[in-house]
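Undergrad: can you look at this prediction? I've put the sequence above it.
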Amino acid sequence: MIRQLFTGILGCLLVVVTGITGLAAPRYAAAVDEAQWQELCRFDDPRLVEISGMAPSIRHPHVVWVHNDSGDAAILYAVNTRTCETVGELRLRGVKARDFEGLASSTDEQKRAFLWVGDIGDNRDSWPDVSIHRVREPDRLGNRTRPATTWRFTYPDRPHNAETLMVLGERCWVATWQLAAGGLYSIPALAQRPTVRVSIADRVGDVGSLITDGAVHPSGHGYVLRDYLDVHVFQGLPPGRRIAKLALPPQAQGEAIAWAPDGRSVFIASENDPRLIRVDLPWWVLASLRPPDHLVD
C-alpha cells in the first residue's frame, strides 16, 4: 500500500515537473501524438494481483507471459491475449524471487526460445547486487517447472532501483527507475557463462523519469520505453535515438509493455488495472523501425 501511494504521488509529480521545468522533455527532436488503442480483455485470475512484467511468447501464438511484483513466488504466467485466460504457469526451479520487475523473451543462435526475468527491483537503492534469470520457454503450456540460469550484477556507481529489462538474442539492457532521470545499462556478463562473481554493468545512456518497462522491437532496429503516462519510441538499439513520444491510455501504476509479434502494436498492462490494452503505433513510427534494405549485388 505504501509503495502504491508513493508511485501514485510520483506519477502526479511527473506531470507537474514536466510542465514546469521540462526535465522529462527530450534533449532531441521527438514528435508527441495520441496513439490509437483498444481494450483486448480483462484479467480475472486472482493470482495476477500486480502485473509488473510482460513478454510475448515465442512458442505459442496469442500468448504473453507475465509476472507479479514483489511478494509472489518465482512464477511466470502464460495468458491468452484474446481472453486474458491464464493458460500456463512456469515455476523457476532454484530461484527465490526478491523483487521481479522485468520480463523479456528472445531466441539464441540455435533458435531456442528463452524467457528472461529481471529480479532488479530495489525500492531502497540498497541491494549490493541484483539478478537476471534465464529459463527455456516450454513447448507445451500448463503447469511446468524448469531450472533457471542466473547472472548477478551491480552498477558502477551505487545500487539503483530498476523496473525495465530488454533483451535481443543474448544482449541485455536495464533501465533504472528514478524521479528526475535514470540510466541505461548493458549487462556484459550475459555473453559468458554465469559464475559466482558479480559483474559490473556498463552505463550506455540516459533515460527519462520513472521508466517502468521497455522492449526491443521484433526487427531488432528499435525499442520502446514506457513511464506512467507515455511510451517513448527509439530507433536503433540502446541507447539509440528517440523519434516519438506517444500518450498512453490512463492506467493506474502502468508498469508493463511488450511488442505484439507483428511489431505493429504494443501490449500494456498495469499493477492496478485489470485491462490488457493494445496500443497501435502510427505508420510513420513503424516505418522508422523497419530493417534497412539489403544491398543487391
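TA: Now that the structure is in, tell me what you want to look at.

Undergrad: tell me, how many neighbours does Trp284 end up with?
TA: Neighbour count for Trp284, taken as other Cβ atoms under 10 Å: 11. From N, CA and C alone the C-beta is placed, and that goes for glycine too.

Undergrad: quick one: what helix or strand has it in it?
TA: Per DSSP states H and E: Trp284 is located in helix 283-288.

Undergrad: what does that helix rub up against?
TA: 222, 233, 235, 243-244, 246, 263-264 (Cβ atoms under 8 Å, 6 or more residues apart in numbering).

Undergrad: then stretch 149-162?
TA: 95, 101-102, 118, 120-135, 174-178, 182-183, 185, 187, 189-190, 194, 197-203.

Undergrad: mark which of these are buried, thanks.
TA: 95, 101-102, 118, 120-122, 127, 130-135, 174-178, 182-183, 185, 187, 189-190, 194, 199, 201 (16 or more other Cβ atoms under 10 Å).

Undergrad: hang on, Val117 is in a helix, isn't it?
TA: No - looking at Val117 with DSSP: H, G, I helix; E, B strand; the rest coil, it is strand, so not inside a helix.

Undergrad: wait, it sits on Val130?
TA: No - checked against Cβ atoms under 8 Å, the pair Val117 and Val130 is beyond contact range at 11.3 Å.

Undergrad: stretch 115-122: how far from the chain's middle?
TA: 9 Å (Cα atoms, centre = their mean, to the nearest Å).

Undergrad: poorly predicted segments of the protein, please.
TA: Applying pLDDT under 70 to the chain flags the ranges 1-34, 189-196, 292-297.

Undergrad: could you pull out the helices for it?
TA: 2-21, 283-288 (DSSP state H).

Undergrad: neighbours of Ser288, how many?
TA: So Ser288, with other Cβ under 10 Å, has 17 neighbours.

Undergrad: hmm, I typed the wrong one, I wanted Leu48.
TA: Residues near Leu48, counting by other Cβ under 10 Å: 19.

Undergrad: and Arg136, by the same measure?
TA: Other residues near Arg136 number 16, with proximity taken as other Cβ under 10 Å.
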